[in-house]
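>>> Fold the following and give me the result.
(chains A and B)
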Amino acid sequence: MSDDGLLAGMALGEQAAAVAFVRRYQRRVFGLAYSMTGDAGVAEDVAQEAMIRVWKHAPVFDPRRGSVASWVLTITRNLAIDALRLRRAVPTDPDDFAAAAMRSNEHNPEDAVQRGDVRHVVRDALEVLPPDQRRAVVLAAVYGRTALEISESEGIPLGTAKTRIRTALIRLRAAIEHPEGVSDDR
Amino acid sequence: MTDDMNEPGCEQHQEELSELALGVLTGRDRARVLAHVDSCPRCAEELEQLSRAADVVVQAAPEAEPPMGFEVRIFERMGVADLGRKNRFRPPRWAVGALSAAAAVVALAVGLSLGLSSSTPPNQSAAPPRGVVTASLVEHGTVVGRVAAHGGAHPWMWMMLVDSSAQGTVNCIVVTSDGVSHQVGSFVAKKGYGAWVAPLHVDPKDIRSAEVVAPSGTVIATAALG
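You can find the predicted model right below:
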């Protein structure tokens, strides 16, 4: 069943849909939380809360605004950022996040491809980005850092931080729109 | 709203559209760029495309196996009563007899029962006797066996695998609360099945987790005992 179908089932109170949804997404949700926080306990708290929020808000999910995966993982990301701030904890290094992402595989790749999963496309696109651009876009997209924060933490001018973010995002967009055309054109 | 595709200010907002798409533009800057996007179809379209790209970056995150009992705790919070068949511990019929016999031998030897049952859901088994810690072995979210560590003057460990991916010689490793790994021993699994008992040289109370590890170092299954 598609992600949208499972979410619709959850919204209608179907327990089987909730069970299937949790089992389909628990590794991804926990994986994102853990790769951001580096702490299994914090990651479990974040992942639990994310799943509960998805379950509670399933009726208001709007598929026109993006995919289920994107929605679920954005909720997880935001909760992980909040947890890190609340605990004044040190997040994982974005290079480690990117490296783990690029070498990881889906638990069930065939099923993922059937559901229109774009992970492999994103990983390929991240891999061909220059390291400084990859780091900048991961810092912004995953860790929620502003251009100013990136310029300060990386010790680079604000304009350079903005340019790295923009260039990386434009390249990612091109890779997603034309996945067969991903190439190393640094 | 206007149809002008070259709305004044497009150039100066181009760079910030990426930050807006990534959700990291704040305060006045965000309000200013949003006001421009609202009146500029070209930038609105650009923002939509960049937002799609920004949204998929988190999707590249690696998967990771959640801790033992993760989904059970979620289902409890959701009020989902039926945990489904897949996660129930159901050894095949032939294994039930053989493993029950093995468990009985062990239980007789030490005068305790491990509370094993083919129909008992994971993490909901009867409380083990004092001095014994037990947990389900989990592989990719599915329960594939059980482990029990018994304390006392001569601690020992019992492990059973059913329908796992283990094949050939595998190692049993326990990780204590100080993060140190201890090899307990090795045993042979045949087509995913195997049962084994060995002396334990650490206090069961100090064990955080047990792992079944292939000779290559790949962790096949884990059990959270702590």
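
>>> all contacts plus neighbour counts: C-alpha atoms, from now on.
OK.

>>> Pull out the buried positions in the helix ranked longest in chain A.
When every helix of chain A is counted residue by residue (DSSP state H), the longest turns out to be helix A:15-37. Applying a neighbour-count criterion of 16 or more other CA atoms under 10 Å in any protein chain shown, the buried positions in helix A:15-37 are A:15-22, A:24-37.

>>> Check stretch B:186-206 too.
Of the residues in stretch B:186-206, B:186-190, B:192-198, B:200, B:202-205 count as buried by neighbour count, 16+ other CA under 10 Å.

>>> next one: stretch B:66-83
In stretch B:66-83, the ones that count as buried by 16+ other CA under 10 Å are B:Pro66, B:Pro67, B:Met68, B:Gly69, B:Phe70, B:Glu71, B:Val72, B:Ile74, B:Phe75, B:Met78, B:Val80, B:Leu83.

>>> and the gap between the fourth one and B:Val138?
From B:Gly69 across to B:Val138, the span is 10 Å (CA to CA, to the nearest Å).

>>> and the buried residues of stretch B:66-83 as TSV, adding secondary structure and pLDDT?
What follows is the buried residues of stretch B:66-83, written out as TSV (DSSP: H, G, I helix; E, B strand; the rest coil; pLDDT from 0 to 100):
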residue	secondary structure	pLDDT
B:Pro66	coil	92
B:Pro67	coil	89
B:Met68	coil	84
B:Gly69	coil	85
B:Phe70	helix	90
B:Glu71	helix	86
B:Val72	helix	85
B:Ile74	helix	91
B:Phe75	helix	89
B:Met78	helix	87
B:Val80	coil	79
B:Leu83	coil	45
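
>>> who does the helix or strand hosting B:Arg32 touch, helix- and strand-wise?
Per DSSP states H and E: B:Arg32 is located in helix B:27-38. In terms of contacts (3 or more CA pairs under 8 Å, 6 or more residues apart in numbering or on different chains; DSSP states H and E), helix B:27-38 is packed against helix B:10-22, helix B:41-57.

>>> measure the residue of chain A found nearest chain B to A:Glu152 for me?
Using CA to the nearest CA, the closest approach of chain A to chain B is made by A:Gly31 at 4.2 Å. Distance of A:Gly31 to A:Glu152, computed by CA to CA: 28 Å.

>>> Ok, B:Lys191 next?
Between B:Lys191 and A:Glu152 the distance, using CA to CA, works out to 55 Å.

>>> Same check on A:Asp95?
Computed with CA to CA, the distance linking A:Asp95 and A:Glu152 is 17 Å.

>>> who has more neighbours, the two?
Between A:Asp95 and A:Glu152, counting by other CA atoms under 10 Å in any protein chain shown, A:Asp95 is the more crowded of the two (16 against 13).

>>> Flag every residue of chain B that's near chain A.
Residues of chain B found near chain A, taking CA under 8 Å from any CA of the partner chain as the criterion, are B:15-16, B:18-19, B:22-25, B:49-50, B:52-67, B:70-71, B:74-75, B:77-78, B:80, B:82-84, B:140.

>>> What's the ChimeraX line that selects buried ones from the residues you listed?
Those of the residues of chain B next to chain A that count as buried under 16+ other CA under 10 Å are selected in ChimeraX with:
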select /B:15,16,18,19,22,23,24,25,49,50,52,53,54,55,56,57,58,59,60,61,62,63,64,65,66,67,70,71,74,75,78,80,83
